[in-house]
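A.B. asks: Here's a sequence, model it:
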Amino acid sequence: VKPVNILRSKHSQWKLTDFGVARLATAEDTDKLASAKYAAPELLNRALGPETAKMDLYSLGIVAYELAVGRAQFRKQIPSVFDPNATSVDITVGSQEKWLYWHGSPTMRLTPVSQLIPDFPKEISDIIEAMTEKQFEKRVGTAEEVLKKVAQLGDRSFARARNAKEEEQQQSKRRRLYLA
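C.D. replies: Numbering: from 1, shown residues only. Got it, this is the predicted structure:
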């Protein structure tokens with residue numbers, strides 16, 4: 001999964017294409033099978049985990065992270081890949097190999113979005129973090145789990161909005177009583 005695989009229909013429905021295309025590969029042919037920028041660690045090294053849908057969730061998590069923080073901040077979070085003197089947007093000399101190294105290194109991690117953007121919802125940041133977990137065993141297991149977490153956010157957001165509206169109505173009522 002990479003940004004070009006996320007499409008919006010004329011009815012404003014979002015669609016994912018090419019899910020499950022990733023397959024375990026060698027460093028030489030990874031660029032033919034998946035974009036190294038979004039490749040799950042186990043795609044690059046069989047010892048890091050089995051070939052499962054978790055690879056697609058990792059890739060989607062990297063896309064979500066990049067969208068959440070923006071391109072400039074994304075580049076700052078991964079200085080080992082991006083050359084600060086590069087003139088192109090994403091491609092630097094040897095970038096494919098740098099991405100392979102970054103994804104495969106358990107010590108190189110993304111800073112949680114909520115730490116970079118203080119008003120970013122921590123719950124959404126946590127979902128992105130669970131999707132981009134490099135350790136296969138700790139990564140969120142299925143798209144269904146991700147969707148449940150997102151649905152729970154929607155329920156809580158609705159409850160917060162309802163509570164805020166009720167609070168606003170109470171304040172309005174108190175003002176009317178005060179003015180009367």
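A.B. asks: Averaging pLDDT per element, find the lowest-scoring helix or strand in this structure.
C.D. replies: Sorting the helices and strands of the chain by mean pLDDT, DSSP states H and E puts helix 30-33 at the bottom, at a mean of 45.
A.B. asks: For the longest helix seen in the chain, which helices and strands make contact with it?
C.D. replies: For the chain, the longest helix by residue count, based on DSSP state H, is helix 143-179. Applying 3 or more CB pairs under 8 Å, 6 or more residues apart in numbering; DSSP states H and E, we find helix 143-179 packed against helix 54-69, helix 122-131. (Each C-beta comes from the backbone N, C-alpha and C, glycine too.)
A.B. asks: Low-confidence regions, this structure specifically.
C.D. replies: 19-34, 83-94, 155-164, 180 (pLDDT under 70).
A.B. asks: Swap in 50 and give it another go.
C.D. replies: Filtered on pLDDT under 50, the chain yields the residue ranges 21-22, 24-27, 30-33.
A.B. asks: Could I get the buried residue list for the host helix or strand of residue 7?
C.D. replies: According to DSSP states H and E, residue 7 maps onto strand 6-8. For strand 6-8, burial by neighbour count (16 or more other CB atoms under 10 Å) applies to residue 6.
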